[in-house]
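Student: Give me a 3D structure for the following:
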Amino acid sequence: MTTEHHTNNARELAFSLPLDQIDCSDPGLFEQDTVGHYFERLRRDDPVHRTRTRLFGDFWSVTRYQDIMAVDTNHQVFSSDWSNGGISILDRPAEHRGHSFINLDPPAHDGQRKAVSPIVAPANLMNVGPLIRERTCNVLDGLPHNETFDWVERVSIELTTLMLATLFDFPLEDRKLLTYWSDVATSAPEFDSELVQTFEQRTDELKKMARYMGRLWNERVNAPPSSDLISMLAHDPTTRNMSPIEFMGNCILLIVGGNDTTRNSMSGGLLAMCQNPAEWAKLRANPALLDSMVPEVIRWQTPLAHMRRTATQDIELAGKQIRKGDKVVMWYYSGNRDAAAIDQPDRFIIDRARPRQHISFGFGIHRCVGNRLAELQLKILWEEILQRFPVIEVVGEPRRARSNFVRGFTQLPVRIPG
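Tutor: Residues are numbered from 1 along each chain as shown. Predicted structure coming up:
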């Protein structure tokens, strides 16, 4: 079956199913890259959709841009606190939930977030820029020509892992552990069993991460403050007395946050440019378009597909009555394809008039703290690609992650001619 026929059949199914049978949380729809048709249907017919599932229980799917914004900016009513369920669509047992600042409501959230925010302050980004460029050049110059290789492994994972190691001042020889821990942290044992089969096994692996990071903490808490994340946590008054479970949770958050957005945008951006050669030609003719191309890549990819909230009181949303205790899922990927908010959202356009209108980084108090660093890494990558490669060919079907949270790639076979 051709890709076009597959897409048409998937769209026909999405628009013919009874509404009560539509479940956009099915990880298989993300793996097959057909979930967008179901979101399109819901935005049209039932934008705040009561979803009942075996894996994830009952929840509200919020699929329109403006409704997502209404939830994301109202932390008083829509809680992300771990004690209410946290940010994951998956209802993990309380002892296996993350205790990080993204899983907190104000005021506890604010102090912990502030502790690590200096690492992405403009002055620090200026300082780290040359190192990002040096490593990017080394990785790109080491790529083979005239043979197929995996862009995810050779470029996306390598560059983001090197950056993570820098942010944590983590031993470079052990940096692959950071990628592994990020993948474990975002895995869901119920349907993604490649890495872990149970919540207990997942927690055990993350405790190993906490012990490793704990050794770094112990070294730095007694040393003068420095500009890495562990030192910032160790010396800030709001975080230096964290419990072990809070420390583990914040390490997980910072590893995942520094990994998935950038890693999958590096892969998704290359795929989008290869699928839209006129846009690549436009960029080659005018490299200044990188300033709008980078946020368009992040919108197009939407590397984290959703965030969950829990209602703390009854409230009406788009005509639906949300009850206290209800689980509410904001589908960022759907919001980024909402024609009511974004012009021609199903087209990849690198010179959009308002490229930063996307919601891939979330909005409100939980907006991604490292968004500017992610953009800097992507911009430098594409500046160096333009210096070296007139074309990079995608030579096989990409393999996508079987996940409704991380919208990413596990493999992208490419070839550099010449």
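Student: So Phe149, which state does it fall into?
Tutor: Three-state call for Phe149 (DSSP: H, G, I helix; E, B strand; the rest coil): strand.
Student: Let me know how buried the spatially closest residue to Glu316 that is not a sequence neighbour is, in neighbour terms.
Tutor: Closest residue in space to Glu316, ignoring its immediate chain neighbours: Ile322 at 7.1 Å, by CB to CB, 6 or more residues apart in numbering. C-beta here means a position set from N, CA and C on the backbone, and glycine is covered the same way. Neighbour count for Ile322, taken as other CB atoms under 10 Å: 23.
Student: what's the answer for Ala285, then?
Tutor: 8.
Student: And it, how close does it get to Asp351?
Tutor: Separation of Ala285 from Asp351 (CB to CB, to the nearest Å): 11 Å.
Student: ditto for Ile157
Tutor: Ile157 is 29 Å from Asp351, by CB to CB.
Student: Over to Leu376?
Tutor: If you go by CB to CB, the gap between Leu376 and Asp351 works out to 20 Å.
Student: ok, these two, which is more surrounded?
Tutor: Remark: of Leu376 and Asp351, Leu376 carries more neighbours, 21 against 15, as counted by other CB under 10 Å.
Student: Does the more buried one belong to a helix, a strand or coil?
Tutor: helix.
Student: who's in contact with the nearest residue to Glu194 once chain neighbours are set aside?
Tutor: Among residues not flanking Glu194 along the chain, Ser187 sits closest, at 7.6 Å (CB to CB, 6+ apart). If you count contacts by CB atoms under 8 Å, 6 or more residues apart in numbering, Ser187 has them with 194-196, 202, 403.
Student: do the same with Ala374
Tutor: Contacts of Ala374 by CB under 8 Å, 6+ apart are 261-262, 265, 298, 368.
Student: Just flag the most distant two among the residues you listed.
Tutor: Ser265 and Cys368 (11.8 Å; CB to CB).
Student: Could you pull out the buried residues of stretch 383-399?
Tutor: For stretch 383-399, a neighbour-count test (16 or more other CB atoms under 10 Å) marks 384-385, 392, 394, 398 as buried.
Student: average pLDDT for it?
Tutor: For stretch 383-399, mean pLDDT is 96.
Student: go on, stretch 159-172?
Tutor: Across stretch 159-172, pLDDT averages out at 90.
Student: residues in contact with that stretch?
Tutor: 119, 128, 131-132, 135-136, 139, 175-176, 178-179, 213, 216, 226, 228-231, 254-255, 258-259, 262-263, 266, 373, 377, 381.
Student: For PyMOL, write the selection for the buried entries among these.
Tutor: Selection of buried members from these for PyMOL, criterion 16+ other CB under 10 Å:
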select buried, resi 119+128+132+135+136+139+175+178+179+213+216+228+229+230+231+254+255+258+259+262+263+266+373+377+381
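Student: lowest-pLDDT helix or strand in this structure?
Tutor: When the helices and strands of the chain are scored by mean pLDDT, DSSP states H and E, helix 108-116 comes last with a mean of 73.
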